[in-house]
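*Asks:* Okay, here's the prediction I keep looking at, along with the sequence it came from:
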Amino acid sequence: MKTKIYPSVLNCDQMKFAEELAAIKTADGVHLDIMDNHFVPNLTWGLPTAQAVLNATKLPVDAHLMIEDPDRWAPEYAKAGCAIVCFHLEASKAPVRTAEVIRSLGAKPGIALNPATPVSAIKDILGRFDQVTLMSVEPGFGGQGFIPEVLPKIKRLRKLVEEARLDTDIQVDGGVNDKTVAQVVKAGANVIVSGSFVFKRNPVEAIADLRKLAENP
Ligand code: DX5
Ligand code: ZN
């Protein structure tokens, strides 16, 4: 299975947003972290910035909503044209309905789980989502250390996906770099988010390195 690489633009140079997006065109998608300073202790962007990013890139945009009330806001990101709209199970009051609304608006629904949320929490509704994001840091900031306890969770989720004969993407987000990517792929992830590792150096080289390491983990 080919591993997809989605750079997170959270820690890119925001004064050069268009250039930074151009620098990652060898990636498979753009991961856009939306934070509201309530669900997480940090504030980033909202819909107007998502729209500007959508206008500036041809890559699919994966909106990661770290916000309270995703049931209200997720449909807006689908309407704006994001390819994947991923919201947190911990914040949603009606994840199945929100997933249905996202899908009806032409986007793929994704569900994200914090490090302490077990994979079993979504077992019964797994088929409702095209992507499950396992957080390998506490959400809120780029540049944090990878939490290794997520590795058995990835394995458990891969098993569930296979048993149910689904083709759900398993995304891992947080602290993924040249030191951690192999373990993440070996455990069963097929979509890698990487932020500070990609933007702290030459993004084209960083993406190529991640691809190589993911091919032969
Ligand atoms: C953290 C975000 C991540 C973050 C990843 O809350 O969801 O997407 O930007 O950045 P790194 O790769 O630096 O951990
Ligand atoms: Zn993210």
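*Replies:* Thanks, I have the structure now. Residues are numbered from 1 along each chain as shown. Ligands and ions are numbered 1, 2, ... in the order given.
*Asks:* L166: helix or strand, and which one exactly?
*Replies:* Following DSSP states H and E, one finds L166 outside all helices and strands.
*Asks:* and what of V184?
*Replies:* Element membership for V184, per DSSP H and E: helix 181-187.
*Asks:* just L134 next, same as before
*Replies:* Assigned by DSSP H and E, L134 belongs to strand 131-135.
*Asks:* you'd agree N42 is up against G140?
*Replies:* Yes: counting by C-beta atoms under 8 Å, N42 does reach G140; the two are 4.6 Å apart. Backbone N, C-alpha and C define where each C-beta goes, glycine included.
*Asks:* Let me know the secondary structure of whatever residue of the chain ends up closest to ligand 2.
*Replies:* Proximity of the chain to ligand 2 (C-beta to the ion) peaks at H64, 3.8 Å away. Assigned with DSSP: H, G, I helix; E, B strand; the rest coil, H64 falls in the strand class.
*Asks:* That one pairs with what?
*Replies:* Beta-bridge partners for H64, by DSSP bridges, are D33, C86.
*Asks:* Pull the contacting residues for the residue nearest to F146 when sequence neighbours are not counted.
*Replies:* Closest residue in space to F146, ignoring its immediate chain neighbours: G175 at 3.2 Å, by C-beta to C-beta, 6 or more residues apart in numbering. Applying C-beta atoms under 8 Å, 6 or more residues apart in numbering to G175 gives the contacts 136-137, 144-147.
*Asks:* try 6 Å this time
*Replies:* Contacts for G175 (C-beta atoms under 6 Å, 6 or more residues apart in numbering) come out as 136-137, 144-146.
*Asks:* Just the buried subset of the residues you listed, please.
*Replies:* With burial judged by 16 or more other C-beta atoms under 10 Å, the buried subset of the contacts of G175 is 136-137, 146.
*Asks:* which stretches of the protein form strands?
*Replies:* Using DSSP state E, the strands assigned to the chain run over residues 4-7, 30-35, 61-66, 84-88, 108-113, 131-135, 169-173, 191-194.
*Asks:* could you dump these to JSON lines with mean neighbour count?
*Replies:* Converted to JSON lines, the strands of the chain look like this (neighbours: other C-beta atoms under 10 Å):
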{"stretch": "strand 4-7", "mean neighbour count": "25"}
{"stretch": "strand 30-35", "mean neighbour count": "25"}
{"stretch": "strand 61-66", "mean neighbour count": "27"}
{"stretch": "strand 84-88", "mean neighbour count": "29"}
{"stretch": "strand 108-113", "mean neighbour count": "23"}
{"stretch": "strand 131-135", "mean neighbour count": "25"}
{"stretch": "strand 169-173", "mean neighbour count": "25"}
{"stretch": "strand 191-194", "mean neighbour count": "27"}
